[in-house]
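**Student:** need a structure here:
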Amino acid sequence: MTEVDGWPVVIVGAGHAGVQAAARLAELGREVVLVDQDDVVPYERPPLSKDVLKGGATAPPPLRKEDFYAARGIHRIAGKRVVRIARAEREIEFGTGERLGYATLVLATGSTARTLPVPGGDLRGVRTLKTWADASALRRELMPGRRVVLVGAGYVGLEVAAAAGELGCAVTVIEAQDRVMSRVTSEVVSRFYEDLHRGKGTRFVFGEGVAAFEGDGAVERVVTSSGSVHDADLVVAGVGVVPNQSLAEEAGLACADGVLVDRHCRTSDPGIHAVGDVVRQVCPEEGIDRRLESVQNAVAQGITAAEAIAGAGQVRCEVPWFWTVQHGVRLQTAGLREPGDEIVLRGSVAEGRFAVLYLRDGRLAAIDTVGSARDFAPAKKLIASGARIDRALAADPAVKLSQAQYLATV
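**Tutor:** Numbers count the residues shown, from 1 in each chain. Sure thing, here's the model as predicted:
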């Protein structure tokens, strides 16, 4: 399938991945149309569960200034939803029935917050947090004395818990696992943040799921799987996201918990790329089969897809990284931890300034830094290089992490 002369590259979705792809394609001289179903200027997502909930922002924090797009020749179509991809004609169809032709299509449709399929899930006051509208509505409801129940103790759940607590709410967190952030970090980090939240008045309920929400029109109680009842004026479900892959599925593209792409972000149709939260990247040659939900991944994939489309540059193999701030304490993670990794503790948990290194076959696979970022950049380099680590040196905070490589000969 060859490109159609004179037609633009069309990007569906204007989150971090879509905007980055558009910006890079414009730099490379391609004509770009950016389609956004929202009618606001594309905005950042991480602040929604952090600063926006605690502040008085009247507009979403923009990814780029409003004049950025026109200044670079990017034609932005706002407030229109794409309902179909006509692959044979190389066209997308809007809900209005209008069609737009593309030379190459980029799907950056993102993800949607997962809801809880339990009785009472549609009661007023049961919320999720994914969009500016979600954050704005939630901020108006976080008032002193209100009883707020968070379902899920991942990044979003704990960030909302921190904001709610700082605004004077009574906070309860219900988590099906036995500790917070269990999917993304080790027990030492989990317990540190659990203690941090407890010290601010948050109550935790571990090892239980939600059986039902109850109330007369609005949520008043949360019933857990054990039958315990927790009073609530407001519930926020932070139980993950679902990739927005229906547009791709209906067009016949290969999907499996995300739109399947190769290392160049190409889908099963070479005329269509996909980037960001909607993507599951499968690269057998690199041993990759994963879907990552992070700004860093979205930006990297946006650049990769743009350069592949324009025939410029090579694939960037960047170490994945993530971050969260809860009650003013920053956790930064680089690499992807696995449960069987060997743990090396570096620094003082009691002082709230430490790092946890995750070694796999003697090599640094991932790191968590808590309250101190000095090891973060060196760790990314060590992870990328596959360096073998001297455990004793790595555990000594007086030794620079960059000097903790295993140098002995065998």
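**Student:** Helices along the stretch 151-300 of the chain, start to end?
**Tutor:** For the stretch 151-300 of the chain, applying DSSP state H, counting those that start in this stretch gives helices covering 155-166, 187-199, 246-250, 295-310.
**Student:** Let me know which of those is the nearest to Val349.
**Tutor:** helix 187-199 (5.8 Å; C-beta to C-beta). Bear in mind the C-beta positions are built from the backbone N, C-alpha and C, glycine included.
**Student:** just the helices in the stretch 1-150 of the chain please.
**Tutor:** Using DSSP H, counting those that start in this stretch, helices in the stretch 1-150 of the chain cover 16-27, 51-54, 68-71, 132-141.
**Student:** Pick the most deeply packed of the ones you listed.
**Tutor:** helix 16-27 (a mean of 26; mean count of other C-beta atoms under 10 Å).
**Student:** just the angle between that helix and helix 295-310, please?
**Tutor:** In terms of direction (axes from the mean of the first three to the mean of the last three C-alpha atoms, to 10 degrees), helix 16-27 departs from helix 295-310 by 40 degrees.
**Student:** so what secondary structure elements neighbour helix 16-27?
**Tutor:** Contacting helix 16-27 under the criterion 3 or more C-beta pairs under 8 Å, 6 or more residues apart in numbering; DSSP states H and E are the following elements: strand 9-12, strand 32-36, strand 74-78, helix 295-310.
**Student:** Could you dump these into a markdown table and include mean pLDDT?
**Tutor:** Formatted as a markdown table, the helices and strands packed on helix 16-27 follow (pLDDT from 0 to 100):
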| stretch | mean pLDDT |
| --- | --- |
| strand 9-12 | 98 |
| strand 32-36 | 97 |
| strand 74-78 | 97 |
| helix 295-310 | 95 |
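**Student:** Of those, flag the one that's most buried.
**Tutor:** Most buried among the helices and strands packed on helix 16-27, given mean count of other C-beta under 10 Å as the contact rule, is strand 9-12, at a mean of 28.
**Student:** List of residues touching that one?
**Tutor:** Strand 9-12 is contacted from outside by 18, 21-22, 25, 30-35, 82, 92, 100, 102-109, 247, 309, using C-beta atoms under 8 Å, 6 or more residues apart in numbering.
**Student:** make it 7 Å
**Tutor:** Identification of contacts with strand 9-12 by C-beta atoms under 7 Å, 6 or more residues apart in numbering yields 18, 21-22, 25, 30-35, 82, 92, 100, 102-109, 309.
**Student:** do the same with stretch 162-176
**Tutor:** So stretch 162-176 is contacted by 53-54, 142, 144-153, 157, 161, 200-206, 208-210, 222, 224, 230, 326-327 (C-beta under 7 Å, 6+ apart).
**Student:** now the end-to-end length of it.
**Tutor:** In stretch 162-176, first residue to last residue: 19 Å (C-alpha to C-alpha, to the nearest Å).
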